[in-house]
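Engineer: Quick one: sequence plus predicted model below, questions after.
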Amino acid sequence: MAEDRMKFVERADWPDVEAAIADYRAGRDVRHPQALARYERIAPPWGAGKALDLGTGRGQGALILRSKGWHVTAVDIDPEPAELLARNGAGFTRADVTAWVPPGCYDLITCMEVLEHIEDPAALLAEITQWLSPGGRLEVTIPLETKPNGNPWHKHFWTKETILKLLNEYFIVLAEHPAVNHATIWATLRPRPAKLATVSLDDGGWQDIAVCEALRAEGLPATFYLVSTWVDEPHYHIPVARIVGAYEGFEIGCHTRTHADMRYVSPAGAALEAVGAQAELQRIFGRDVSLFSWPKGAVHADALPPVREHFAWARGVRRTGVANRWDTMVSAVCPRVPPAAVLAGRPCVHVVGHAWSLRDRGMLQQFLTLLYDLRDAGFEFVANGEFFAIADKCGGKILAAG
């Protein structure tokens, strides 16, 4: 059956998988280019890691991921791709994906047009939530059809609404990508967390360096909101190139150009403080800066338009309103560091602080201990952007299914 299925789907289209990928990358015509394009477009923000390609088919997806630096394991009931993948440094296991148990966890799992072929897709989705590393992603494509389309191996038929309902039982849909055709949905998902935490540190300065080092050593993400004109040697005591390196791997947000109290600037001044700072930070760090933090938590109506237009999210402190959404989840404003037990019963925690203030008050270690204790209490840490996006998708309720 597996042999017949492969003939039905792909074999005549790509007699030589490697040649098909080369032709696609060179801009030459290939049959079903969308089956190659979706793997080419996968670009998770954290870079290459361990990937699992479920139902690999001819192995084209696993091969593309391997060429982009991923350490790939491919699984399929058909043995055909074994030699191709081995030759290109990718692992292959011949197995029924519904009965297979992985040897570990993965940063990325691809499941391209597989769910419609298996008897119990819900059971496989539940398993996949356990196969992903913290922060891991599932990339899934599923045909949209309400009745048999001539493929005898399709066991399920979904509309967009019904498949999203199934996916949302186990995952949060982070993004829906432009469909390669009208009859397919392609989405990036992450498991629903039971407890979620995020950390914001405002202002910047040399005191951030020790916090970056401590968080990096523990693998904890955080978002640093920087005043753009302060990203210089006088404020950090190191060259700008080393400042940029110190924040490598952490999310950067904008905290205006001069730490201006936005309640007391003109509309033109607000645009300069917000959008000008965004441009400066993007130039310095060479990456997108799409988050904003109001100095002193001070929001004013005249300052909202440029922030709304240029930033995806904005936050204040102490349940202060934000530009595009409402951040009602600020749980701990440091340096008044609460014990983790006070926060452990909440589904989500947002810890806000200033590294310079924590250091001046001798509370940096207490702050770090709070984060470690929250992690030990089962909280999953994510950067602010992901935290706000998840909360928005869940209507402010962040709870795992069940």
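Structural biologist: Cool, got the structure. Worth saying up front: this structure is predicted, and the values here are computed from it rather than measured.
Engineer: show me where pLDDT drops low in this structure?
Structural biologist: Applying pLDDT under 70 to the chain flags residues 1-15, 43-47, 149-150, 179-182, 317-346, 393-402.
Engineer: Map the structural domains onto the sequence of it.
Structural biologist: Domain assignment for the chain by automatic domain parsing gives 2-191, 196-393.
Engineer: Mean neighbour count, these: which tops it?
Structural biologist: domain 196-393 (a mean of 19; mean count of other CB atoms under 10 Å). Where C-beta positions appear, they are placed from N, C-alpha and C, glycine not excepted.
Engineer: Counting residues, which strand of the protein comes out longest?
Structural biologist: The strand that spans the most residues within the chain, counting by DSSP state E, is strand 132-143.
Engineer: C-terminal to it, what's the next element?
Structural biologist: Using DSSP states H and E, the helix or strand that follows strand 132-143 towards the C-terminus is helix 160-167.
Engineer: Run through the neighbouring helices and strands of that next one.
Structural biologist: Contacting helix 160-167 under the criterion 3 or more CB pairs under 8 Å, 6 or more residues apart in numbering; DSSP states H and E are the following elements: helix 121-131, strand 184-191.
Engineer: if we look at that helix, which residues are touching it?
Structural biologist: Defining contact as CB atoms under 8 Å, 6 or more residues apart in numbering, one finds that helix 160-167 is touched by Pro121, Ala122, Leu125, Val140, Ile142, Leu144, Trp158, Val173, Ile185, Ala187, Leu189.
Engineer: Output the helices and strands packed on helix 160-167 in JSON lines; the columns should cover distance to Ile77.
Structural biologist: Output for the helices and strands packed on helix 160-167, formatted as JSON lines (distance: least, CB to CB, whole Å):
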{"stretch": "helix 121-131", "distance to Ile77": "14"}
{"stretch": "strand 184-191", "distance to Ile77": "22"}
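Engineer: Assign Gly269 to helix, strand or coil.
Structural biologist: helix (DSSP: H, G, I helix; E, B strand; the rest coil).
Engineer: what's the closest non-adjacent residue to it?
Structural biologist: Ala260 (7.3 Å; CB to CB, 6 or more residues apart in numbering).
Engineer: wait, doesn't the one you found sit right on Ala271?
Structural biologist: No - using CB atoms under 8 Å, Ala260 makes no contact with Ala271, being 11.7 Å away.
Engineer: okay but Ile109 is in contact with Glu139, surely?
Structural biologist: Yes - distance between Ile109 and Glu139: 7.3 Å, which falls inside the contact criterion (CB under 8 Å).
Engineer: got a list of what the residue nearest to Ala95 when sequence neighbours are not counted touches?
Structural biologist: Leaving aside its chain neighbours, Ala95 sits nearest to Val75 (5.5 Å; criterion: CB to CB, 6+ apart). Remark: with contacts taken as CB under 8 Å, 6+ apart, Val75 is in contact with Leu52, Asp53, Leu54, Gly55, Thr56, Phe92, Thr93, Arg94, Ala95, Val97, Trp100.
Engineer: and the two most separated of those?
Structural biologist: Leu52 and Arg94 (14.5 Å; CB to CB).
Engineer: returning to that earlier point: so what are the sheet partners of the longest strand of the chain and their directions?
Structural biologist: Each strand paired with strand 132-143, and its direction, by DSSP bridges: strand 106-112 (parallel), strand 184-191 (antiparallel).
Engineer: Tyr225: which element?
Structural biologist: Secondary structure assigned from DSSP H and E places Tyr225 in strand 223-226.
Engineer: Which helix or strand lies directly C-terminal to the helix or strand that contains Pro234?
Structural biologist: Using DSSP H and E, Pro234 falls within helix 233-236. Toward the C-terminal end, the helix or strand that comes next after helix 233-236 (DSSP H and E) is helix 240-246.
Engineer: How far does stretch 132-146 sit from its chain's centre?
Structural biologist: On the basis of CA atoms, centre = their mean, to the nearest Å, the separation between the geometric centre of stretch 132-146 and that of its chain is 13 Å.
Engineer: How much space separates the nearest residue in space to Ser266 that is not next to it in sequence from Thr258?
Structural biologist: The spatially closest residue to Ser266, leaving aside those adjacent along the chain, is Asp302, at 7.4 Å (CB to CB, 6+ apart). According to CB to CB, to the nearest Å, Asp302 stands 17 Å off from Thr258.
Engineer: what do you get for Gly57?
Structural biologist: When CB to CB is applied, the distance between Gly57 and Thr258 equals 56 Å.
Engineer: check contacts around Glu139.
Structural biologist: With CB under 8 Å, 6+ apart, Glu139 has these contacts: Arg38, Ile42, Leu108, Ile109, Thr110, Cys111, Met112, Trp186, Ala187, Thr188, Leu189.
Engineer: Swap in 6 Å and give it another go.
Structural biologist: By CB atoms under 6 Å, 6 or more residues apart in numbering, the residues touching Glu139 are Ile42, Thr110, Thr188.
Engineer: Quick one: these as a markdown table, columns for distance to Arg308 too.
Structural biologist: Formatted as a markdown table, the entries for those read as follows, by distance: CB to CB, whole Å:
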| residue | distance to Arg308 |
| --- | --- |
| Ile42 | 30 |
| Thr110 | 35 |
| Thr188 | 25 |
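Engineer: of the residues you listed, closest to Gln365?
Structural biologist: Thr188 (37.0 Å).
Engineer: thinking the closest one is in contact with Val173, fair?
Structural biologist: No - with contact defined as CB atoms under 6 Å, Thr188 and Val173 do not form a contacting pair (7.5 Å).
Engineer: Overlap in contacts, the two.
Structural biologist: When contacts are counted by CB under 6 Å, 6+ apart, Thr188 and Val173 have no shared neighbour.
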